[in-house]
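1. Just to be clear, the model below is a prediction. Sequence and coordinates:
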Amino acid sequence: MPLQFIAIANPENRRLGFLQKALELFDIPPATIVNYSDLIAGRDTLEKFDAPDTIIRFDSPEKNFAVEKAIIAAGAQVQDEPDGGKHQRIGAAEALALEFDKGRILYPRQWYLGWRDLLARSQKQLRCRTMNDPADIAAMFDKPRCQQLFANNGIPIPRSLGKIGSYEELREAMNSRQCHRVFVKLAHGSSASGVVAYRVSPRGEVAVTTVERVRQENKTIFYNSRKIRTYTRREAVADIINMLCKEGVQVEEWLPKARLQNRPFDLRVVAIAGQARHIVVRLGNSPMTNLHLGSDRGDLEEFLAQVGGQNWDKMKQTCEAAAALFPNSLYCGIDLLVYPDFRQHAILEINAFGDLLPGITWNGMDTYASEVQAILSSLGCGV
């Protein structure tokens, strides 16, 4: 009996097209789609998928405002941890009635609570194999949890400044640790959402960020923007950092990056079946190197020639060790920083849905085809 793939996704998401092409490459029928909107509302469940030849893939719930609102609404029903912070809260009915406002930062902590709850409920419904485990996905969406996990297992990471609850606490922590440059990241953000590269010097303070601060009708509204902004006025900087801190943040030392073509860079490495495979060099124009923020793809061969085989082997081993901490997930995306000496390195983040790298191949296959091949190999199917 042929394999049957189930994709839990928003049907309009372009990721599905790459998955379907990968399945076609191996003569596997197209994946059956389970809409996130139906899963959240209980109109569809996963118990019905219980055949041994069925494989479920959870994909990103991104870029669908109705689904985003439904996840926020689900988060209204979830009891937060006692030290969960002072994040904004909204009732379920109010969440569902939110109007679309492009880029606006909406209840990120409550969204995560709803997302984590959805993943936990989905886990209980599972009767067959998955490509990525819901519990692993929930963990990868929790930056402080991941960084602590990496630290406990000897994975090199930036120095953490610990739990930070406000702008004033951040300044105190930086002073006490003699740390003059930090990244402040939303604990549950992705795609550089809610990220601030912040530095302090005798000349003042500078925050470079994807957050746009807008004053409107005597209130402040915050947006995510693809245009990188720089703030130097303390009032604006403190306002942004305080907002992020209320939602929960990961604060870590801002490490120096190696340079290629006179530009700072880092790497996105996709690990599949425990092996570091697809790699993108991301040449930055700002402290944030995400490609959708205007960074460019660098020359991988140039990087490999500069770093040397022995150093690169150690970096790959670090990426694979990080991926191994999530043994129930076939793949993940890892952001790897290389120091200016091209020898030292550190893991910046791990991404549950970090495999969207159009045009990047390994052994002639893109990430999706490589994932399907890995599934087939694990099942003993000849490929």
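-> Thanks, I have it. Numbering: from 1, shown residues only.
2. For residue 1, give me the pLDDT.
-> With respect to pLDDT, residue 1 has a value of 54.
3. Same check on the one 10 residues further on?
-> With respect to pLDDT, residue 11 scores 95.
4. That one - how many residues pack around it?
-> Per other C-beta atoms under 10 Å, the neighbour tally for residue 11 reads 12. Heads up, the C-betas are built off the backbone N, CA and C, glycines and all.
5. Repeat that for residue 168.
-> 13.
6. now the helices for this structure?
-> Ranges of helices in the chain, per DSSP state H, are 15-25, 36-41, 65-75, 92-96, 108-125, 134-140, 143-152, 167-176, 234-247, 300-307, 309-323, 367-378.
7. How is this protein divided into domains?
-> Split into domains by automatic domain parsing, the chain comes to 1-141, 167-253, 257-378.
8. So for residue 147, which of those domains sits nearest?
-> Taking C-beta to C-beta, domain 167-253 is the member of these nearest to residue 147, at 6.2 Å.
9. for the closest one, the distance to its chain's centre please.
-> Relative to its parent chain, domain 167-253 has a centroid offset of 19 Å by C-alpha atoms, centre = their mean, to the nearest Å.
10. And it, end to end?
-> 16 Å (C-alpha to C-alpha, to the nearest Å).
11. what's the answer for stretch 187-195, then?
-> For stretch 187-195, the separation between the terminal residues is 10 Å (C-alpha to C-alpha).
12. buried sites along stretch 306-326?
-> Neighbour counts over stretch 306-326 (16 or more other C-beta atoms under 10 Å) mark 307, 311, 312, 315, 316, 318, 319, 321, 322, 323, 325, 326 as buried.
13. Could you give the average pLDDT over it?
-> The average pLDDT within stretch 306-326 is 98.
14. Equivalent analysis for stretch 55-72, please.
-> Rounded mean pLDDT across stretch 55-72 is 97.
15. Next: stretch 27-35.
-> pLDDT averaged over stretch 27-35 gives 97.
16. do the same with stretch 155-171
-> Mean predicted confidence for stretch 155-171 is 97.
17. First-to-last residue distance for that stretch?
-> Using C-alpha to C-alpha, first and last residues of stretch 155-171 are 27 Å apart.
18. list the buried ones in it?
-> 155, 156, 157, 158, 159, 160, 161, 164, 167, 169, 170, 171.
19. Stretch 263-279 now?
-> For stretch 263-279, a neighbour-count test (16+ other C-beta under 10 Å) marks 264-272, 276-279 as buried.
20. so where's the stretch 251-383 of the chain uncertain?
-> 382-383 (pLDDT under 70).
21. Which parts of it are strands?
-> For the stretch 251-383 of the chain, the strands defined by DSSP state E, counting those that start in this stretch cover 259-260, 263-272, 275-283, 296-297, 331-338, 345-351.
22. Pull up the pairing partners for the third one, direction included.
-> The one in question is strand 275-283. Strands that pair with strand 275-283, judged by DSSP bridges, come out as strand 263-272 (antiparallel), strand 296-297 (antiparallel).
23. Same question for the first one.
-> Paired neighbours of strand 259-260 in the sheet (DSSP bridges): strand 263-272 (antiparallel).
24. sorry, back to before: quick one, which of the strands of the stretch 251-383 of the chain is nearest to residue 146?
-> It's strand 345-351; of the strands of the stretch 251-383 of the chain, that one is closest to residue 146 (C-beta to C-beta) at 5.6 Å.
25. circling back to that earlier point, reformat the helices of the chain as CSV; add distance to residue 331.
-> As requested, the helices of the chain are exported to CSV (distance: least, C-beta to C-beta, whole Å):
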stretch, distance to residue 331
helix 15-25, 12
helix 36-41, 20
helix 65-75, 22
helix 92-96, 31
helix 108-125, 17
helix 134-140, 10
helix 143-152, 16
helix 167-176, 34
helix 234-247, 28
helix 300-307, 19
helix 309-323, 8
helix 367-378, 5
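26. Identify whichever of the ones you listed lies nearest to residue 50.
-> Using C-beta to C-beta, the helices of the chain put helix 108-125 closest to residue 50, at 10.1 Å.
27. on that earlier part again, greatest separation within the buried residues of stretch 263-279: which pair is it?
-> Maximum pairwise distance in those, criterion C-beta to C-beta, is 27.1 Å, between 264 and 272.
28. shaky segments in the stretch 51-200 of the chain?
-> In the predicted model of the stretch 51-200 of the chain, residues 82-85 satisfy pLDDT under 70.
29. was I right about residue 225 contacting residue 214?
-> No: counting by C-beta atoms under 8 Å, residue 214 is not a contact partner of residue 225; they are 10.0 Å apart.
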